[in-house]
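J.: Sequence plus the predicted model coming up.
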Amino acid sequence: MKLQHGCSLCLSEAEFFWRYDSKDYYECPECQAVFLAAEFHPEQQAELQRYQLHQNDVNDVDYQNFVKPLVQAIQTDFSVNNEGLDFGCGSGPVATKLLRDEEYQVKVYDPYFFNIPENLDFKYDFIICCEVIEHFYQPRIEFELLFDLLNPDGKLYAKTSLIDTKIKMDFNNWGYKNDPTHVFFYTPETLTWIKKQFGFANLKLHKDFFVLEK
């Protein structure tokens, strides 16, 4: 166990926070994130095998309901004339399906299941990150990319489970961390830091997701 570990988001020295299942977690005093030490990140093949276990059927009603808050927010904010990207969409891009069913223009990108690098050569009016950002090994690089992929006045819609003071006090029992591919956790303060650092104009926190506006 090391007492400090570099934060991959803000590059500050984070302090040891918790040990669980022989893995070490650190808390950053600058951006307020909590993250798994890099040496405990799963290898690429193990990560892929974990993702392949997910039952991501785009026609599953429960799965559709899970992402509907994001989809409905996009439909409120944008028309079918706008273009979007489902970033880290996984094997079952259900948000894309629901939007395409309503004639929205959405491209997909996922390093394992839809590795289409040319889709990262465009600019988008909206980007979806549904249960994605907790998987970022290098969140600083990823958020820089996401900001750059947005058009002026574009919006990033992200869904993840935020960590707060209550969860930190009972970290052992927070099930969200137990997925071995969940390596980086965000507080509301972390999102505020991201907004300021990367130049987003606004941050809106909703019950099930948040929106960063360029």
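T.: Good, I have the coordinates.
J.: Regarding this protein, what is its longest helix?
T.: The longest helix of the chain (DSSP state H) is helix 61-77.
J.: May I have it as PDB, with CA atoms only?
T.: In PDB, the C-alpha atoms belonging to helix 61-77 read as follows (Å, rounded to 0.1, in the frame of the first residue of the first chain):
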ATOM      1  CA  VAL A  61     -37.700  -3.200 -22.000                       C
ATOM      2  CA  ASP A  62     -35.900  -2.900 -18.600                       C
ATOM      3  CA  TYR A  63     -32.700  -1.900 -20.400                       C
ATOM      4  CA  GLN A  64     -34.600   0.600 -22.500                       C
ATOM      5  CA  ASN A  65     -36.200   2.100 -19.400                       C
ATOM      6  CA  PHE A  66     -32.800   2.400 -17.800                       C
ATOM      7  CA  VAL A  67     -31.500   4.700 -20.500                       C
ATOM      8  CA  LYS A  68     -34.800   6.600 -21.200                       C
ATOM      9  CA  PRO A  69     -34.000   9.600 -19.000                       C
ATOM     10  CA  LEU A  70     -31.000  10.300 -21.100                       C
ATOM     11  CA  VAL A  71     -32.900   9.700 -24.300                       C
ATOM     12  CA  GLN A  72     -35.800  11.900 -23.300                       C
ATOM     13  CA  ALA A  73     -33.500  14.700 -22.300                       C
ATOM     14  CA  ILE A  74     -31.800  14.600 -25.700                       C
ATOM     15  CA  GLN A  75     -35.200  14.700 -27.400                       C
ATOM     16  CA  THR A  76     -36.100  17.700 -25.400                       C
ATOM     17  CA  ASP A  77     -32.900  19.600 -26.200                       C
END
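J.: List the buried residues of that helix.
T.: By neighbour count on 16 or more other Cβ atoms under 10 Å, the buried set for helix 61-77 is Tyr63, Gln64, Phe66, Val67, Pro69, Leu70, Val71, Ala73, Ile74. Bear in mind the C-beta positions are built from the backbone N, C-alpha and C, glycine included.
J.: What is the nearest of those to Leu120?
T.: Of all the buried residues of helix 61-77, Leu120 sits closest to Ile74, with 19.5 Å by Cβ to Cβ.
J.: so the closest residue in space to that closest one that isn't next to it in sequence, which of the three states?
T.: Once flanking residues are discounted, Ile74 sits nearest to Phe126: 5.5 Å by Cβ to Cβ, 6 or more residues apart in numbering. What DSSP: H, G, I helix; E, B strand; the rest coil gives for Phe126 is strand.
J.: residues contacting Phe126?
T.: Residues near Phe126 by Cβ atoms under 8 Å, 6 or more residues apart in numbering: Ile74, Asp77, Phe78, Asn82, Glu83, Gly84, Leu85, Leu150, Gly154, Lys155, Leu156, Tyr157.
J.: Of those, which is the nearest to Leu98?
T.: Closest approach between those and Leu98, by Cβ to Cβ: Ile74, at 9.5 Å.
J.: how close does Lys177 sit to Phe171?
T.: Here the criterion is Cβ to Cβ, to the nearest Å. By it, Lys177 lies 7 Å from Phe171.
J.: wait, I meant Leu162
T.: Counting by Cβ to Cβ, the gap from Leu162 to Phe171 is 14 Å.
J.: quick one, phi/psi of the residue nearest in space to the middle of the chain?
T.: Closest to where the C-alpha atoms of the chain average out (Cα atoms, centre = their mean) is Ile133, at 1.9 Å. Backbone geometry at Ile133, expressed as degrees, to the nearest 10, gives phi -70, psi -20.
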